[in-house]
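Colleague: Sequence and computational prediction follow.
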Amino acid sequence: MSNPISVIIPSKTASNLVASVAAVRKHQPDARIIVVDDGVNWMEFSGDMLSFNSLFGAKPFVFSRNVNIGIRAAGDSDVVLLNDDAILETPNGFGILQQACIDDPTIGAIAAVTDLTGQPLQRPQNVGVRIVDHFAFVCVFIPYETRRFLYTAGRSCSGIFTGGFLDERFDQGYGSEDRDYCEQIKAVGLKCAVHDGCFVNHSSLRSSFRGDPTAAGDIWANNKVLCEKWGRKFV
């Protein structure tokens, strides 16, 4: 029997949540949805609030910190980290990602493909599961076993490994927490992958925390933290 799936969505935009939650409920109805509330105006929310759990996010908003709130609430389930501007369009899409990790236990995290991303490796190539160096956390599936591996690694090397959680030191702007997590996964001997069998639409909505999906925002402050942490340059 496969592990339960918890879908973690950080958001402050009611209209995004309506679309994102509805898509998960349509295509992955067995998933538990955890919304990390960054200031949603619930008066504007027109969806079914009984279909997900809502947790208060920490202020000021830091992506890694608020995602970690959701990961803690997920317990020992597998997790999907889903941006609120990413709309699942594949029936059983998260189940497909989960099955790929069951079939190959060396996969530590696997991302869906999408139509809009700064990482070309995440665009559809119609070849199935592909091992990649890293990916952006638009929609990523992380098995509980990966978090357990990283927790064990963190007990002996806490400066590098963050116990299966995202590193909250990336709080100076946008990005790099996802690249860091990929580096942690590879450092414990696991792989990062992308799966053409699961597609999310990333071009129709505007992110709660990033703005225009074609403009990443200030990436260099967090990139500096990443380079100092790992002792090499990342571009």
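Modeller: Noted; the coordinates are in hand.
Colleague: SS state for the residue of the chain positioned farthest from its centre?
Modeller: The centre of the chain is farthest from one residue, residue 43, which by Cα atoms, centre = their mean lies 26.9 Å away. The local conformation at residue 43, judged by DSSP: H, G, I helix; E, B strand; the rest coil, is helix.
Colleague: ok so residue 178 is a strand residue?
Modeller: No - applying three-state DSSP, one finds residue 178 to be helix, outside a strand.
Colleague: circling back: dump the residue contacts of the residue farthest from the centre of the chain.
Modeller: Residues near residue 43 by Cβ atoms under 8 Å, 6 or more residues apart in numbering: none. For the C-beta atoms, the positions are set from N, CA and C on the backbone; glycine is no exception.
Colleague: Could you check how far it is from residue 14?
Modeller: Using Cβ to Cβ, to the nearest Å, residue 43 is found at 8 Å from residue 14.
Colleague: what about residue 124, neighbour count?
Modeller: Residues lying near residue 124 (other Cβ atoms under 10 Å) number 13.
Colleague: ah, wrong one, I meant residue 70
Modeller: By other Cβ under 10 Å, neighbour count at residue 70 equals 23.
Colleague: Check the one 3 residues further on too.
Modeller: Other residues near residue 73 number 16, with proximity taken as other Cβ under 10 Å.
Colleague: what ranges do the helices span in the protein?
Modeller: 14-27, 63-74, 93-103, 144-156, 177-187, 220-230 (DSSP state H).
Colleague: Restricting to C-alpha, output the third one in PDB.
Modeller: I take that to be helix 93-103. What follows is helix 93-103, C-alpha atoms only, in PDB (Å, rounded to 0.1, in the frame of the first residue of the first chain):
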ATOM      1  CA  GLY A  93      -0.700  13.100 -11.400                       C
ATOM      2  CA  PHE A  94       0.700  13.000  -7.900                       C
ATOM      3  CA  GLY A  95       0.100   9.300  -7.700                       C
ATOM      4  CA  ILE A  96       2.100   9.000 -10.900                       C
ATOM      5  CA  LEU A  97       5.000  10.800  -9.300                       C
ATOM      6  CA  GLN A  98       4.700   8.600  -6.200                       C
ATOM      7  CA  GLN A  99       4.700   5.400  -8.300                       C
ATOM      8  CA  ALA A 100       7.900   6.500 -10.000                       C
ATOM      9  CA  CYS A 101       9.600   6.800  -6.600                       C
ATOM     10  CA  ILE A 102       8.200   3.400  -5.600                       C
ATOM     11  CA  ASP A 103       9.600   1.900  -8.800                       C
END
